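Novice: predicted structure and sequence below. I'll ask about it afterward.
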Amino acid sequence: MESFFSRHRNLIVLLAALLAQIIGLAVQVRRPSRSSTATAQQRATEMAPRDRGGVMLLRLWAADLVTPPERLFHAVNQGAFGLWSGYLDLVHLHEQNAQMQQTIDRLRLEQAMMQEDLRQAVRLQALLHFQQSYPQKTVAAQVIGTSGNLQSHLLFLDKGSADGLRTDMAVITADGIVGKVRDVFPHTAQVLMINDVTSGAGVVLEKTRIRGILRGSADGQTEVVGVLADSRIQPGEKVLTAGGDQIFPRGLPVGTVERVVRDPDRSAFIDIILKPAADLDRLDEVLVLTDLQSELSPAIESDLKQSEAEQGQAAAAELAREQARRKAAEEMAERLPGLSGPAAGAVAGVAATGAATSTTTGAANGSPAATAPPAPKPIPTLHPDRFSPGHDAGSGAASPVPDNGSAPANAPAQKPQNRRLP
Amino acid sequence: MTGLSTDLRREMEIRRYPLAVYVLVPLASLVLQAWLPRVLGRFAYFDLPLLVVLYFSLVRRHPIHGTLLGAALGIFQDALTQGVIGIHGIANTVCGFLAASIGIRFVVENVLLRVILNFLFTLLAGLLVVFVSSALLGLQMHWSALTQVLVAAGNALIGLVLFPLLDRLQVKD
């Protein structure tokens, strides 16, 4: 027996290592359900299943092992760039040029550096401005690494649970959404980007209001799936977050429609290929939404209050104008009774007569004139028959002009009866 | 008799390295694999941890070492992704074992042979990842043959530079 183990120890170790890993895989894998009634949020949750404790521990170890050197590399890279552009390149220039040329070149170099600093300052200022004006609470973080796998679009941030980050928090830039926090460690966090195949978010097209599920494709593109073919979807249309997934707030920019392709699996559906609003390949600083509850800044709150006050003043002014118009109309009706007399109906046109009649009868009944609807009055016929308005079917007598004084303001006789037969 | 001769051969030709090399080189491969895509963008066609597994397996000529190193680095590679842990572990385990087995039987000092081995083992690792993901686990796997070939070519080229550098770190008797 001993000789068997010693002779085949290599194979035994190989099989043991493979078996242990296969068992580990079997414990971790959970098949997502294919139910068509599952919501976008459920599908997104199924595509990115949660880890068990042991797996989480392994990820923590890996992150703890890799992120400190990554942080160091990041700092060294920036320092080396500064060293090269600030010193070594100047020495090179000194060897090649005369004193004046060297001065000019150094100034140019400094100008370029300042422009780079300026660009960075503008970028950071824009991010800060966006952070201050954005109603939700955010935490700014720096991207320090990736997963190192072409099929896994993950980022590592330099902030973690110690900075208030939690799983499933949205990660955005001023341009658009980036992804969501997948795993959080004490001082680092893992972000699942929107162009990963396992990501998922509810989105809506801005103009057509068509909803779909945002996910990544195998080649790292961002696409909207689960959309029925619709000719209204055109390239260039903006895509926003729908807000139903409890991760991304509603209305954040996702990207623009680049092209529409047919879904290879379902002929009735299309896939919308997007150009992400945020530059996912060149991310340096991001914001993590730590609280979905809107918290307006004092400046925005004062703006809102001022806007509401202005709207209230405008409404009050409009109400005052309306009351003044009504009062003037009532005074006009009192001072000029001839315009509303019974005889005026026969002289004036149909509309004017109707209006005067309703005003008179309304005043007679004690109701406000403004509330009485105008009573349409038919044109008197020269040769009345049984179809003429006011014709009494029982007696056979035709009355071309009905008695205005006896008719109520909103009597059924005021219905249009001047239908003419063809 | 064959086993004895291979063991003897392995003992005679085995290379030894300082302990720091065994720790720092795999760690550096993991860190660079995670950091370089930030610099190179989507052109990061290489798999440095696999390359390190192949190197140590070929020169150490010990299948158990190759197996365990492959498993450890593969598991750490998986732990840095959002996927299940063990897919790259299995692929690197098999590659480490096979590379060490080849190292026992053949002389792998030739540069061209190393390039070919790196290329083929990287392709094999890619195929194993696809097999484990799709066939074994039933996961939806998006696989690009062109990408795998590019990664294999990248590994072969990097191995041309990396292997001679690592050769210099061995302990001389």
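Specialist: Yep, it's here.

Novice: secondary structure element for A:Ile270, which one?
Specialist: If you go by DSSP states H and E, A:Ile270 is part of strand A:269-276.

Novice: so which elements touch the helix or strand just after that strand?
Specialist: As assigned by DSSP H and E, the chain's next helix or strand after strand A:269-276 is strand A:285-291. Using 3 or more CB pairs under 8 Å, 6 or more residues apart in numbering or on different chains; DSSP states H and E as the contact test, the elements touching strand A:285-291 are helix A:99-133, strand A:137-146, strand A:154-157, strand A:170-172. (Each C-beta comes from the backbone N, C-alpha and C, glycine too.)

Novice: out of those, nearest to chain B?
Specialist: Closest approach to chain B among those is made by strand A:137-146 (4.5 Å; CB to the nearest CB).

Novice: what angle do the helix or strand hosting A:Thr256 and strand A:269-276 make?
Specialist: Assigned by DSSP H and E, A:Thr256 belongs to strand A:253-262. Relative orientation of strand A:253-262 and strand A:269-276, computed by axes from the mean of the first three to the mean of the last three CA atoms, to 10 degrees: 140 degrees.

Novice: mind checking the SS state of the residue of the stretch 151-300 of chain A found nearest chain B?
Specialist: Closest residue of the stretch 151-300 of chain A to chain B, CB to the nearest CB: A:Ala218 (2.7 Å). Taking DSSP: H, G, I helix; E, B strand; the rest coil as the rule, one finds A:Ala218 in the coil state.

Novice: that one and B:Leu146 touch, don't they?
Specialist: No - using CB atoms under 8 Å, A:Ala218 is not in contact with B:Leu146; the gap is 11.6 Å.

Novice: out of the two, which sits in the busier spot?
Specialist: Just comparing A:Ala218 and B:Leu146: by other CB atoms under 10 Å in any protein chain shown the higher neighbour count belongs to A:Ala218, 14 against 8.

Novice: name the nearest residue to that one, sequence neighbours excluded.
Specialist: B:His142 (2.7 Å; CB to CB, 6 or more residues apart in numbering or on different chains).

Novice: please report phi then psi for that neighbour.
Specialist: When read as degrees, to the nearest 10, the backbone of B:His142 gives phi -100, psi 110.

Novice: dump the residue contacts of it.
Specialist: Neighbouring residues of B:His142 by CB atoms under 8 Å, 6 or more residues apart in numbering or on different chains: A:151, A:197, A:217-219.

Novice: what's the PyMOL line that selects buried ones from those residues?
Specialist: Listed next is the PyMOL selection for buried residues among the contacts of B:His142, using 16 or more other CB atoms under 10 Å in any protein chain shown:
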select buried, chain A and resi 151+197
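
Novice: using JSON lines, lay out the contacts of B:His142 together with pLDDT.
Specialist: As requested, the contacts of B:His142 are exported to JSON lines (pLDDT from 0 to 100):
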{"residue": "A:Gln151", "pLDDT": "80"}
{"residue": "A:Val197", "pLDDT": "88"}
{"residue": "A:Ser217", "pLDDT": "86"}
{"residue": "A:Ala218", "pLDDT": "80"}
{"residue": "A:Asp219", "pLDDT": "80"}
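
Novice: farthest-separated two in the contacts of B:His142?
Specialist: Farthest-apart pair in the contacts of B:His142 is A:Gln151 and A:Ser217; separation 10.9 Å (CB to CB).

Novice: so what sits against both of the two?
Specialist: Residues touching both A:Gln151 and A:Ser217 by CB under 8 Å, 6+ apart: A:197, B:142.

Novice: can you check the pLDDT for the residue in chain B positioned nearest to chain A?
Specialist: Nearest residue of chain B to chain A, counting by CB to the nearest CB: B:His142, 2.7 Å away. Note on B:His142: pLDDT of 74.

Novice: any idea how far it is from A:Arg9?
Specialist: 38 Å (CB to CB, to the nearest Å).

Novice: could you do A:Gly176 as well?
Specialist: Distance from A:Gly176 to A:Arg9, counting by CB to CB: 56 Å.

Novice: for A:Leu124, same thing?
Specialist: For A:Leu124 relative to A:Arg9 (CB to CB), the value is 59 Å.

Novice: can I get the helices and strands packed on strand A:285-291 in TSV with mean neighbour count, distance to chain B and mean pLDDT?
Specialist: Formatted as TSV, the helices and strands packed on strand A:285-291 follow (neighbours: other CB atoms under 10 Å in any protein chain shown; distance: least, CB to the nearest CB, whole Å; pLDDT from 0 to 100):
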stretch	mean neighbour count	distance to chain B	mean pLDDT
helix A:99-133	12	17	77
strand A:137-146	21	5	87
strand A:154-157	26	6	91
strand A:170-172	27	14	92
